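Trainee: Below are the sequence and a predicted model for it; my questions follow.
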Amino acid sequence: MSMTKKEFLTFISNGKEDVLQQLLDLLDAMKIDYCVIGGLAVNAYVEPVVSLDLDLVVVATAMEKLTKAATKLFMVEKFPNSFNLSSPKSDLRIQLQTDPRYQAFIPNSSVKEVMGYTMKVASLEDVFQGKIWAYTDEQRRMSKRQKDLADIFRFIEAYPHLKGILPASIKNKLKTE
């Protein structure tokens, strides 16, 4: 018997419960607008790569209400630019981004299927921009920045027109002709 994409993601995250679906259901029940950014969002546009990170942005005015409600399902930790949600029932790492730059991504998002889940995903250009911001953030761990750079390259291979909006510092790293 083969696994569905959802079962696969739950399996690789050592999930005893489907915490991703629980979060999506909570957002829906509370009628909170959001969009997925980061690695899972990249998977909506190019060949999927396994990630145990779910990065999303929610409408800023709903953040307090959401994090309060989320404490029924998750452990919630506040950091300078995010709230991190975790569960002992899964290794999935959920990060609610609070950087105000990402708020502009929500209106441009659309519903997509990613790894078997139906969710709102930032637009192609917005996910790409987010990866540029992440890669150029020198406060991030180098291993994370290298993954961001790999995602940028994956986008360029699939959508060559995006190369035109790359900063020169990243264009110089491209070895394409």
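Mentor: Nice, thanks for sending it over.
Trainee: could you pull out the strands for the protein?
Mentor: Applying DSSP state E to the chain gives strands spanning 34-37, 53-58, 75-79, 82-87, 90-97, 110-114, 117-121.
Trainee: Adding mean pLDDT, write these out as JSON lines.
Mentor: Shown next, in JSON lines, are the strands of the chain (pLDDT from 0 to 100):
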{"stretch": "strand 34-37", "mean pLDDT": "98"}
{"stretch": "strand 53-58", "mean pLDDT": "94"}
{"stretch": "strand 75-79", "mean pLDDT": "96"}
{"stretch": "strand 82-87", "mean pLDDT": "95"}
{"stretch": "strand 90-97", "mean pLDDT": "93"}
{"stretch": "strand 110-114", "mean pLDDT": "95"}
{"stretch": "strand 117-121", "mean pLDDT": "96"}
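Trainee: and of those, who's closest to Leu174?
Mentor: strand 34-37 (22.6 Å; C-beta to C-beta). Quick note: C-beta positions are derived from backbone N, CA and C, even for glycine.
Trainee: Please identify the deepest-packed of the strands of the chain.
Mentor: strand 34-37 (a mean of 26; mean count of other C-beta atoms under 10 Å).
Trainee: Take the strands of the chain and write them to TSV, including distance to Gln129.
Mentor: Below are the strands of the chain laid out as TSV (distance: least, C-beta to C-beta, whole Å):
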stretch	distance to Gln129
strand 34-37	9
strand 53-58	12
strand 75-79	22
strand 82-87	18
strand 90-97	13
strand 110-114	16
strand 117-121	14
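Trainee: Sketch out the low-pLDDT regions of the protein for me.
Mentor: Applying pLDDT under 70 to the chain flags the ranges 1, 3, 8-9, 11-13, 175-177.
Trainee: run the last query once more with 90
Mentor: Within the chain, the stretches with pLDDT under 90 are 1-18, 47-53, 80, 90-92, 115-116, 168-177.
Trainee: re the thing from before, would you tell me which of the strands of the chain gets closest to Val46?
Mentor: strand 110-114 (11.3 Å).
Trainee: What is the closest one packed up against?
Mentor: Judged by 3 or more C-beta pairs under 8 Å, 6 or more residues apart in numbering; DSSP states H and E, strand 110-114 is in contact with helix 38-43, strand 117-121.
Trainee: ok, now with 7 Å
Mentor: Strand 110-114 is packed against strand 117-121, with contacts defined by 3 or more C-beta pairs under 7 Å, 6 or more residues apart in numbering; DSSP states H and E.
Trainee: where's stretch 125-133 relative to the chain centroid, distance-wise?
Mentor: With C-alpha atoms, centre = their mean, to the nearest Å as the basis, stretch 125-133 stands 11 Å off its chain's centre.
Trainee: Ok, stretch 73-93 next?
Mentor: 14 Å.
Trainee: Need the contact partners of that stretch.
Mentor: 13-17, 19-20, 22, 26, 52-54, 67, 70, 94-99 (C-beta atoms under 7 Å, 6 or more residues apart in numbering).
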